[in-house]
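Engineer: could you look at this predicted model? Sequence included:
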Amino acid sequence: MDNARPVPFLKGHGTENDFVIIPDPEGRFELSKDAVARLCDRRAGVGGDGLLRVVRSARHPEARAMAGDAEWFMDYRNSDGSIAEMCGNGVRVFARHLVRAGLAPAGELAVATRAGLRRVRLDADGGGVTVGMGRAELPEGEVTVTVGGRSWAARHVNVGNPHAVAFVDDLAEAGPLRKTPLVAPGSAYPRGVNVEFVVDRGPRHVALRVYERGSGETRSCGTGACAVMVAAARRDGADPTADGTPVTYTVDVPGGRLVISEGVDGGIEMTGPAVIVAEGTLDGTLLAG
């Protein structure tokens, strides 16, 4: 890559979970951890909770096996440059970009991710985007979350990436969330974990705050909202695969609202907004090193 050449980029968000988008169809860029962190820096870079690299599946070694089912691979990085398996808000924004750029038709499309294929449904009119998020896994074992000397029991839920979901009386109990919450036992999450603090707002209606591994507290987390919905449903006695009744929850995040449903086959669907807010060019030296 010519480090002096300008690099196209876009900026987008889903319920204010925001991302730098780097179109790289042929997989020519090698994004280092430091380069991603520079781009996501809110003062010295573009700024974002993470970065979405748009690569043809056939051109990426982690996605070639999925190329027959999905033309495009979402290479997602956290704002500190670390690699993550999935991002629920990110995949909606990723799909919005594909349709907006004419790289995929409106309607239904598949996106390859490190957590597997994700099927997305969106209209050309810019309305909400629905993503099939797969099934949740609920590993056995007790988990505890601690912040500022206060501890809560948490539910371990994996929705492509790991989450610890703690129900609290007030979202303010989690404090400023400037540091990573302590989660025990550490062996439950060998690659780190996203932590959600959850309160009830009404019947099948909850609100959350989230601390994302590699990014800190964010305005929204799509996989986190799905994990919270599953944890809340089980707490409330709902299990569609067991009782044969689909269930839907409204999940409020600081940046907006998501609607999460779980079907009788265990499949989870998430619906929410996805917005492209800007596009331009980067100084190529930002990607160097």
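Structural biologist: Cool, the structure landed.

Engineer: now the residue most central in space within the chain: closest residue in space, sequence neighbours ignored.
Structural biologist: Nearest to the mean C-alpha position of the chain, counting by C-alpha atoms, centre = their mean, stands residue 87 at 2.2 Å. Leaving aside its sequence neighbours, residue 87 sits nearest to residue 76 (C-beta to C-beta, 6 or more residues apart in numbering; 4.9 Å). Where you see a C-beta, it was placed from the backbone N, CA and C, and this is true even at glycine.

Engineer: find the helix or strand that residue 227 is a member of.
Structural biologist: helix 222-235 (DSSP states H and E).

Engineer: for that helix, which positions count as buried?
Structural biologist: Burial within helix 222-235, assessed by neighbour count using 16 or more other C-beta atoms under 10 Å, is assigned to 222-234.

Engineer: so residue 104 touches residue 71, yeah?
Structural biologist: Yes. Assessed by C-beta atoms under 8 Å, residue 104 is found in contact with residue 71 at 7.3 Å.

Engineer: just to revisit the earlier point, now the strand or helix carrying the residue nearest to residue 87: mean pLDDT?
Structural biologist: Secondary structure assignment for residue 76, by DSSP H and E: strand 72-78. Per-residue pLDDT over strand 72-78 has a mean of 97.

Engineer: now for that strand, which elements pack on it?
Structural biologist: Secondary-structure packing of strand 72-78 (3 or more C-beta pairs under 8 Å, 6 or more residues apart in numbering; DSSP states H and E): helix 33-40, strand 50-56, helix 88-100, strand 107-113.

Engineer: looking at the ones you listed, which is closest to residue 242?
Structural biologist: helix 88-100 (24.3 Å; C-beta to C-beta).

Engineer: next, the angle from that closest one to strand 107-113.
Structural biologist: 130 degrees (axes from the mean of the first three to the mean of the last three C-alpha atoms, to 10 degrees).

Engineer: tell me how far helix 88-100 lies from the chain's centre.
Structural biologist: 11 Å (C-alpha atoms, centre = their mean, to the nearest Å).

Engineer: also stretch 194-213?
Structural biologist: 15 Å.

Engineer: ok, stretch 83-97 next?
Structural biologist: 6 Å.

Engineer: okay, buried residues for that stretch please.
Structural biologist: 84-97.

Engineer: can you put those residues in TSV and add pLDDT and distance to residue 204?
Structural biologist: Formatted as TSV, those follow (pLDDT from 0 to 100; distance: C-beta to C-beta, whole Å):
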residue	pLDDT	distance to residue 204
84	91	28
85	91	28
86	92	24
87	95	25
88	95	19
89	96	21
90	97	26
91	97	24
92	97	22
93	98	26
94	98	28
95	97	26
96	97	27
97	97	32
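
Engineer: redo those as CSV? Include distance to residue 241.
Structural biologist: Listed next are the buried residues of stretch 83-97 as CSV, based on distance: C-beta to C-beta, whole Å:
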residue, distance to residue 241
84, 27
85, 23
86, 21
87, 25
88, 21
89, 26
90, 27
91, 23
92, 25
93, 30
94, 28
95, 27
96, 31
97, 34
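
Engineer: just name the most buried of the helices and strands packed on strand 72-78.
Structural biologist: helix 88-100 (a mean of 27; mean count of other C-beta atoms under 10 Å).
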